[in-house]
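**Student:** Here is my input, please return the structure:
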Amino acid sequence: MEEFTAWFTPATWDVHESANEQARELTYRVAHLLGDYSTGAIPSEGRLRSRLRPLSETYFVEYAAKPQPIVMTELGGTVLRPALALSF
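**Tutor:** Numbering: from 1, shown residues only. Below is the predicted model of the structure:
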């Protein structure tokens, strides 16, 4: 989890400047969970992972005027692949 946090913090540092509301919301939710873990409010890495997992399963892609969800499925316990692929 330390490696993820070390990547996540600088990668999302300026997210507040993003026009993408979904990106900002996702970033803030992940940051909140990481904060809860670091203070002990989430007592184990396993519990943190179970709280983070749902955040990685649905993404919204703006196509035309309406965002559409893309549901991700977990394969082999570690690799995420889109259940629906879009091509343009």
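**Student:** Mind checking the pLDDT average for stretch 33-53?
**Tutor:** Average pLDDT, stretch 33-53: 94.
**Student:** how about it: buried residues?
**Tutor:** For stretch 33-53, burial by neighbour count (16 or more other C-beta atoms under 10 Å) applies to 33-34, 37, 42, 48, 51-52. All C-beta spots, glycine's among them, are computed from the backbone N, C-alpha and C.
**Student:** which among those residues gets closest to Asp14?
**Tutor:** Leu34 (17.3 Å; C-beta to C-beta).
**Student:** which ones are touching the closest one?
**Tutor:** 5, 8, 48 (C-beta atoms under 8 Å, 6 or more residues apart in numbering).
**Student:** Would you format those residues as a markdown table with secondary structure and distance to Arg29 included?
**Tutor:** Shown next, in a markdown table, are the contacts of Leu34 (DSSP: H, G, I helix; E, B strand; the rest coil; distance: C-beta to C-beta, whole Å):
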| residue | secondary structure | distance to Arg29 |
| --- | --- | --- |
| Thr5 | helix | 15 |
| Phe8 | helix | 12 |
| Leu48 | helix | 13 |
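**Student:** Adding distance to Thr27, write the residues you listed out as TSV.
**Tutor:** Formatted as TSV, these follow (distance: C-beta to C-beta, whole Å):
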residue	distance to Thr27
Thr5	13
Phe8	8
Leu48	16
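**Student:** What residue spans form the domains of the chain?
**Tutor:** For the chain, automatic domain parsing gives the domain ranges 1-56, 57-88.
**Student:** can you tell me which of those the model trusts least?
**Tutor:** Across the domains of the chain, the lowest-scoring stretch is domain 57-88, with a mean of 51.
**Student:** Extract the C-alpha trace of the longest helix along the chain and format it as PDB.
**Tutor:** Counting residues, the longest helix in the chain under DSSP state H turns out to be helix 21-39. Extracted in PDB, the C-alpha atoms of helix 21-39 (Å, rounded to 0.1, in the frame of the first residue of the first chain):
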ATOM      1  CA  GLU A  21     -15.800  16.000 -11.900                       C
ATOM      2  CA  GLN A  22     -15.700  12.200 -11.800                       C
ATOM      3  CA  ALA A  23     -11.900  12.300 -11.600                       C
ATOM      4  CA  ARG A  24     -12.000  14.800  -8.700                       C
ATOM      5  CA  GLU A  25     -14.600  12.700  -6.800                       C
ATOM      6  CA  LEU A  26     -12.800   9.500  -7.300                       C
ATOM      7  CA  THR A  27      -9.500  11.000  -6.200                       C
ATOM      8  CA  TYR A  28     -11.100  12.500  -3.100                       C
ATOM      9  CA  ARG A  29     -12.700   9.200  -2.100                       C
ATOM     10  CA  VAL A  30      -9.500   7.300  -2.500                       C
ATOM     11  CA  ALA A  31      -7.600  10.000  -0.600                       C
ATOM     12  CA  HIS A  32     -10.100   9.900   2.200                       C
ATOM     13  CA  LEU A  33      -9.800   6.100   2.500                       C
ATOM     14  CA  LEU A  34      -6.000   6.300   2.500                       C
ATOM     15  CA  GLY A  35      -6.200   8.900   5.300                       C
ATOM     16  CA  ASP A  36      -8.500   6.700   7.300                       C
ATOM     17  CA  TYR A  37      -6.100   3.800   6.900                       C
ATOM     18  CA  SER A  38      -3.100   5.900   8.000                       C
ATOM     19  CA  THR A  39      -4.900   7.000  11.200                       C
END
